[in-house]
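In: After the sequence you'll find the predicted model.
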Amino acid sequence: MSAPTLIDTHCHLDYIHRQEEHPDGTTGTDPVQVLARAKAAGVEFLVNPSVTPAKFPEVMAMAERFENVYAAVAVHPTDVADIVDQPEWLAEIEALLSHPKVVAVGETGLDYYWDQSLVDLQKKCFKSLLELGRKYDLPVIVHDREAHEDVYQLISEVPGVRGIMHCFSGDAEFARRMIVKNFYVSFAGNVTFKKAENLHQAAKEIPLEWMLVETDSPFLSPMPFRGKPNEPARVKHVVEKIAELRGISYEEVAAVTTANARKVFGLL
Ligand SMILES: [Zn+2]
Ligand SMILES: [Zn+2]
């Protein structure tokens, strides 16, 4: 019997690719192996969000090369310094949104953990991208690290926008507030960590119809691989943990989160 279908809604395939450079220092290893392992684990497709304009060509090339790889385009909050001298960045993103393999604006958001030096620019960038998502009716993939209230505030300023709270890090109450705003709640490997009680509570209590799963690989490996490089095949451990927390079957979590992912990205 084949593994139930899963969708990794957030995976930095271009960074996995980089980590898999040959030991002799040569580059050019391609993600074929990573994608084969993902397929064996049931992953039907994955979404690769870009983090900075310099990465757009590589992310787009991967989406064009592999049928089951989709792309998202935006500027990550910790990379906003890259656009300071690039007045064309927003137009560049807008032009890519009509590409058939681009399924979201992402990733964008606010990160007060790694970088507080450019908060105003982070906010400006995030707001522009929320508006772009609304204009094209595409989901916006939101990165929120220690910035819940400001993320909520900016999303509230763009009524009608929809999207995904990627690598969700809040509690059940914050998840419910985001769902009201038409944002799906995407769980990553950190939901498998023992002390992540706020995430366990959220994964248990919010409606399954608003949940997605992701790896954020090569970062954030789930238990029992914590600290090691992550890859899309490991999204199954996130599904397993959610099933355990909710007391329902792996198959049910897989089926509903897969249907949710198809819906949010318009890949029905
Ligand atoms: Zn992120
Ligand atoms: Zn990410």
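Out: Great, that's in hand. Numbers count the residues shown, from 1 in each chain. Ligands and ions are numbered 1, 2, ... in the order given.

In: where does P222 land in three-state SS?
Out: For P222, the secondary-structure state derived from DSSP: H, G, I helix; E, B strand; the rest coil is coil.

In: Excluding chain neighbours, what is closest to it?
Out: Taking C-beta to C-beta, 6 or more residues apart in numbering, and ignoring the residues beside it in sequence, P222 has G189 as its nearest neighbour in space, at 3.5 Å. Quick note: C-beta positions are derived from backbone N, CA and C, even for glycine.

In: repeat for L130
Out: In space, not counting the residues next to it along the chain, L130 is nearest to V158; the distance is 4.3 Å by C-beta to C-beta, 6+ apart.

In: neighbours of that neighbour, just the number please.
Out: Per other C-beta atoms under 10 Å, the neighbour tally for V158 reads 19.

In: wait, what's in contact with it?
Out: With contact taken as C-beta atoms under 8 Å, 6 or more residues apart in numbering, V158 is in contact with K127, L130, E131, R134.

In: which residue ranges form the strands in the stretch 101-250 of the chain?
Out: According to DSSP state E, counting those that start in this stretch, the stretch 101-250 of the chain carries its strands in the segments 102-111, 140-145, 163-166, 183-187, 211-213.

In: which of those sits most buried?
Out: strand 163-166 (a mean of 28; mean count of other C-beta atoms under 10 Å).

In: Run through who's touching it.
Out: Contact partners of strand 163-166, identified using C-beta under 8 Å, 6+ apart, comprise 9-10, 49, 104-107, 130, 133, 139-144, 155, 175, 178, 182-186, 188, 212, 214, 216, 264.

In: can you pull out the helices in the stretch 1-150 of the chain?
Out: Assigned helices in the stretch 1-150 of the chain, in chain order: 13-19, 32-40, 56-65, 89-96, 119-136, 148-156 (criterion: DSSP state H, counting those that start in this stretch).

In: Would you convert these into JSON lines that also reports mean neighbour count?
Out: Formatted as JSON lines, the helices of the stretch 1-150 of the chain follow (neighbours: other C-beta atoms under 10 Å):
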{"stretch": "helix 13-19", "mean neighbour count": "19"}
{"stretch": "helix 32-40", "mean neighbour count": "16"}
{"stretch": "helix 56-65", "mean neighbour count": "17"}
{"stretch": "helix 89-96", "mean neighbour count": "16"}
{"stretch": "helix 119-136", "mean neighbour count": "19"}
{"stretch": "helix 148-156", "mean neighbour count": "18"}
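
In: between those helices, which gets nearest to A74?
Out: Proximity of these to A74 was assessed by C-beta to C-beta; the nearest stretch is helix 119-136, lying at 5.2 Å.

In: now the angle between helix 89-96 and that closest one, please.
Out: 30 degrees (axes from the mean of the first three to the mean of the last three C-alpha atoms, to 10 degrees).

In: Only C-alpha atoms, please: export helix 119-136 in CSV.
Out: Below are the C-alpha coordinates for helix 119-136, written out as CSV (Å, rounded to 0.1, in the frame of the first residue of the first chain):
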residue,chain,number,x,y,z
VAL,A,119,11.7,46.9,11.7
ASP,A,120,10.3,49.8,9.7
LEU,A,121,11.5,48.4,6.5
GLN,A,122,10.2,44.9,7.5
LYS,A,123,6.8,46.4,8.1
LYS,A,124,6.8,48.4,4.8
CYS,A,125,7.8,45.4,2.8
PHE,A,126,5.3,43.1,4.5
LYS,A,127,2.4,45.5,4.0
SER,A,128,3.3,45.9,0.3
LEU,A,129,3.3,42.2,-0.2
LEU,A,130,0.0,41.7,1.7
GLU,A,131,-1.5,44.2,-0.7
LEU,A,132,0.0,42.4,-3.7
GLY,A,133,-1.5,39.1,-2.4
ARG,A,134,-4.9,40.7,-2.1
LYS,A,135,-4.6,42.3,-5.6
TYR,A,136,-3.9,38.9,-7.3
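
In: was I right about the residue nearest to P222 contacting V239?
Out: No. With contact defined as C-beta atoms under 8 Å, G189 does not reach V239; the gap is 11.4 Å.

In: Quick check: which ranges of the stretch 51-200 of the chain have low pLDDT?
Out: Of all residues in the stretch 51-200 of the chain, none has pLDDT under 70.
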